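*Asks:* The following comprises the amino acid sequence and a computationally predicted model.
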Protein chains: 2
Amino acid sequence: MVQATTLPRNEAGITAAIGVLKQQFGERLQTGQAIREQHGHTTTWITNQAPDAVAFPTSTQEVAEIVKCCAEYGVPVIPFGTGTSLEGHVNAPAGGICVDMMRMDQILKVNAEDLDVVVQPGVTREQLNTYLRDQGLFFPIDPGANASLGGMVATRASGTNAVRYGTMKDNVVALEVVMADGEVIRTAQRAKKSSAGYDLTRLMVGSEGTLGLVTEITLRLQGIPEAIRSARCSFRTVDDACRAVMMTIQYGIPVARMELLDEMSVRAANNYSKLTLPETPLLLLEFHGSDAGVVEQSDMFASIAEEFGGFDVAATSTAEERNQLWQARHDMYWACLQIRPEAKGISTDVCVPISRLAECVGATQDKASELGLIAPIVGHVGDGNFHSLVLVDMDNPQERQKADDFIGWLNEMAISMDGTCTGEHGIGQGKRPYLQQELGAATRYMAAIKAALDPDNILNPGKILEI
Amino acid sequence: MVQATTLPRNEAGITAAIGVLKQQFGERLQTGQAIREQHGHTTTWITNQAPDAVAFPTSTQEVAEIVKCCAEYGVPVIPFGTGTSLEGHVNAPAGGICVDMMRMDQILKVNAEDLDVVVQPGVTREQLNTYLRDQGLFFPIDPGANASLGGMVATRASGTNAVRYGTMKDNVVALEVVMADGEVIRTAQRAKKSSAGYDLTRLMVGSEGTLGLVTEITLRLQGIPEAIRSARCSFRTVDDACRAVMMTIQYGIPVARMELLDEMSVRAANNYSKLTLPETPLLLLEFHGSDAGVVEQSDMFASIAEEFGGFDVAATSTAEERNQLWQARHDMYWACLQIRPEAKGISTDVCVPISRLAECVGATQDKASELGLIAPIVGHVGDGNFHSLVLVDMDNPQERQKADDFIGWLNEMAISMDGTCTGEHGIGQGKRPYLQQELGAATRYMAAIKAALDPDNILNPGKILEI
């Protein structure tokens, strides 16, 4: 686990490329150790593999020039956003040039009438939403971290709102991409739908920087709803909570968010966020619609919840109470880490058909308990996706092994349930063996596509596929 | 126009492959002229290019065997559904074996709790919806024709409900595909979302049989809404109608359908369906939701329509009146043909950002009129997509030339507006030059993907790309 594979380095090429790029970029090409290590770092447990240099381009053309230079010398190119990915996505196992996209942070054009926006990849989702607020618009995808939109494209991110608004695959209209040969392409026009050829947009979304570097993104926007209402409801068991989730989805209630916290997570939230929630499994919900519509939705949910023994139901349309609740949800990562401050948190990310959710969550809790692991669960359960955050003492090899076994067991169970090892974090370095298990023969054709678009394997090598 | 390009034929290979397949398939391999021509026929104006034989497999394994045989002899393989595509998608410009999928027509499994269903590609959308009705579920994508679901995957179909439920790209969860080498892959698991590697599902959706033959499809379903309400509203001008559409979208009213008929189309509908609609531009809408919700939505729309001079507004929640209205909409193709019974209808399919819709529709009407062409317009205007059905006397070369000029002019205008030459029909043979115009450099990488997945170019050659 932890120790990421190293790939052969092209020393001569790396030295030559750095020389050429240094000439062009000057202070915007950094080779200091601290900055390099920072660019190998992500919210992850996988060893840091720093790149050899970090470039800070400010335009598509500069990105294309970096890629052309690296193509010429056969040097890896690794795009970087905010460093909040979780599976070693920005590591440099063969060294190479990290391309930090964060100086490409312009919101280029809001097309309010078309409900879309064109941004550079270094724009973060919070930056975008702050900018849009006055126009009554918002971008719904919310992975928790204030990630860059380029990074969110790369990992096919989703998060709490996906149950209603979909994932990045559903919310990217078109991309500008620098390909492995330095050519700049647009994957689609700005029309809302299209049947014009292969869907390069969706091929790039989730490709983790291995097929091209995204330099411009056209995103779908939503109107800020007239009314937003949130609700919470406690349950006696995770099973009851999951069954309420299933029924809510089947009834077609258009919930905007539906999040599960298991007992251990609720305890952590109470401690960290100074709340007094009943320390049993909890569902947090949000409803978007008209004033009357959100009340109707939340009432429908309340009666479903009651059927499954839900209690302590509270609903509110006031912004303050709502924000308190969702702030607590967003702080869950930190709240859970506080359960065991000396430990590192390793997040799993399985997603299963919702009919298997109760069984999958229950088995996960039992397995963690059997192995003596502390692993609170939070999840985007409306999609069948949940995270078990394994809190591991990294200095204890036995415990690390147990965590590794647990993660493997969980991924395999999810796959056996027709689910996936990753609902939203991506494959990166960490989940490559599980991708093979999950999709088998299909990965051969993924490799063929990779070889066709990046024949010298310079774009973020060692990620997704075992090449 | 009309005359499709012919590609070089591999006579020896074709003869050999037919010999082998005849042995295996017996009566399920047909070579009679009538059946071959029927399988080159689509709802199109492009010349029929019949395949050399038509195979009728009944299982994935048989499809794989056909593909393996054709791969061995270097013979084209062309999948066929209901023959309702519009751009010469099933033509055989280099001859080869047509694979008629319509005997693979089983609904394999309804997962009601997960709101998904697994079907074979020969299931039609009406067959599926009839089957699902008792379970309170439906599949929303409705391209008008009773197309096969395999064909709808291939063309990335959409239709009247797409404004709310998206297109095929949004409603396919996973595919089983026979690749060019005969290998069978699954593109994804059944989980609702995933970040597991390249999105082969969406790469296959819209690939028109050029990257693989789809043999099993997992589709997302929807619960039949508690209430359905439809509405119609007449406008003085197309511009007014389009502005009402734009405002409705911006207000976030979750319309399930929003269709425009221009004046000429309304006249055709009155004649064909014995209606008495005001003969001015018309919007037809449908709202899905709770009893209260659909009334709220239709009231909101009515007040927007009023702002733009909408008149003769009528809304109804009774099934009979609603069905009459939508039947008329679905019959528009036939109704428009009746305007000029001796002519052939050629459907355009541009889709533009909604902010450009009024301008695009207006210019289209003006251009047709300037050229003396009869070309009524109907459209899925909530998505910015509309069809101008050019009624052409095919025996009049001058008129055919005019129609050709008109279609070229319209596609180019849409592209210049950041729109697409095809919102839902696909590229096929007919739109290949426009794909080049629309996406330029990107098509080179589409060709690279095609070459990687189908190196001998045996899968539906001569479609999408100029190869």
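*Replies:* Perfect, I can see it now. Residues are numbered from 1 along each chain as shown, chains lettered A, B, ... in the order given.
*Asks:* hey, let's count contacts and neighbours off CA atoms from now on
*Replies:* Fine.
*Asks:* Now residue A:227, what are its backbone angles?
*Replies:* As for residue A:227, its main-chain torsions (degrees, to the nearest 10) stand at phi -140, psi 150.
*Asks:* ok, now which ones touch it?
*Replies:* A:288, A:289, A:290, A:291, A:294, A:317 (CA atoms under 8 Å, 6 or more residues apart in numbering or on different chains).
*Asks:* All the helices of the stretch 51-200 of chain A, residue numbers only.
*Replies:* Taking DSSP state H, counting those that start in this stretch, the helices of the stretch 51-200 of chain A run over residues A:60-73, A:125-132, A:149-155, A:162-165, A:168-171, A:200-204.
*Asks:* Turn these into TSV, including distance to chain B.
*Replies:* Shown next, in TSV, are the helices of the stretch 51-200 of chain A (distance: least, CA to the nearest CA, whole Å):
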stretch	distance to chain B
helix A:60-73	14
helix A:125-132	14
helix A:149-155	7
helix A:162-165	9
helix A:168-171	7
helix A:200-204	6
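*Asks:* so which of the ones you listed is the most packed in?
*Replies:* helix A:149-155 (a mean of 29; mean count of other CA atoms under 10 Å in any protein chain shown).
*Asks:* Show me which of the contacts of residue A:227 are buried.
*Replies:* Listed as buried from those are A:288, A:289, A:290, A:294, A:317; burial here means 16 or more other CA atoms under 10 Å in any protein chain shown.
*Asks:* residues in contact with the lowest-mean-pLDDT helix or strand in chain A?
*Replies:* Within chain A, no helix or strand scores below helix A:319-330, which has a mean of 89 by mean pLDDT, DSSP states H and E. Under the criterion CA under 8 Å, 6+ apart, residues A:144, A:229, A:230, A:269, A:273, A:316 lie in contact with helix A:319-330.
*Asks:* Would you format these as TSV with distance to residue B:101 included?
*Replies:* Listed next are the contacts of helix A:319-330 as TSV, based on distance: CA to CA, whole Å:
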residue	distance to residue B:101
A:144	45
A:229	48
A:230	48
A:269	54
A:273	58
A:316	53
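*Asks:* Out of those, name the ones that lie in helices.
*Replies:* A:269, A:273 (DSSP state H).
*Asks:* nearest to residue B:112, of the contacts of helix A:319-330?
*Replies:* For the contacts of helix A:319-330, the residue nearest residue B:112 by CA to CA is residue A:230; the value is 27.3 Å.
*Asks:* how long is stretch A:165-175 from one end to the other?
*Replies:* 19 Å (CA to CA, to the nearest Å).
*Asks:* quick one: that stretch to chain centroid distance?
*Replies:* 13 Å (CA atoms, centre = their mean, to the nearest Å).
*Asks:* of all the residues in the stretch 101-250 of chain A, which ones are close to chain B?
*Replies:* Residues of the stretch 101-250 of chain A lying near chain B by CA under 8 Å from any CA of the partner chain: A:113-115, A:155-157, A:167, A:170, A:184-200, A:202-207, A:222-223, A:225, A:246, A:250.
*Asks:* Would you enumerate the residues in contact with the residue in the stretch 151-300 of chain A that chain B sits nearest to?
*Replies:* Residue nearest to chain B within the stretch 151-300 of chain A: residue A:194 (4.1 Å; CA to the nearest CA). Residues counted as contacts of residue A:194 (CA under 8 Å, 6+ apart) are B:351, B:420, B:422, B:423, B:424.
*Asks:* Which helix or strand contains the third one?
*Replies:* In this assignment (DSSP states H and E), residue B:422 forms part of neither any helix nor any strand.
*Asks:* any idea how far chain B is from the nearest residue to residue A:433 once chain neighbours are set aside?
*Replies:* Once flanking residues are discounted, residue A:433 sits nearest to residue A:466: 7.9 Å by CA to CA, 6 or more residues apart in numbering or on different chains. Applying CA to the nearest CA, to the nearest Å, the value for residue A:466 to chain B is 12 Å.
*Asks:* In this structure residue A:466 contacts residue A:431, no?
*Replies:* No: under the criterion of CA atoms under 8 Å, residue A:466 makes no contact with residue A:431, lying 10.2 Å away.
*Asks:* Neighbour count: those two, which is higher?
*Replies:* residue A:431 (22 against 13; other CA atoms under 10 Å in any protein chain shown).
*Asks:* And the more buried one, its phi and psi?
*Replies:* According to degrees, to the nearest 10, residue A:431 has phi -110, psi 10.
*Asks:* quick check, residue A:258 in a helix?
*Replies:* No: assessed with DSSP: H, G, I helix; E, B strand; the rest coil, residue A:258 is strand; it does not lie in a helix.
*Asks:* residues in contact with residue A:410?
*Replies:* Per CA under 8 Å, 6+ apart, neighbours of residue A:410: A:350, A:364.
*Asks:* Check what pLDDT the residue nearest to residue A:433 gets.
*Replies:* Residue A:466 is assigned 84 on the pLDDT scale.
*Asks:* do the same with residue A:3
*Replies:* At residue A:3, pLDDT is 60.
*Asks:* cool, the one 10 residues further on as well?
*Replies:* According to the prediction, residue A:13 has pLDDT 98.
*Asks:* my guess is residue A:96 contacts residue A:49, does it?
*Replies:* No: applying CA under 8 Å, one finds residue A:96 not in contact with residue A:49, separated by 10.5 Å.
*Asks:* low-confidence ranges in the stretch 251-400 of chain A?
*Replies:* The model of the stretch 251-400 of chain A has no residue with pLDDT under 70.
*Asks:* Those residues of it touching chain B, which are they?
*Replies:* A:251, A:252, A:293, A:351, A:352, A:353, A:354, A:355, A:383, A:384.
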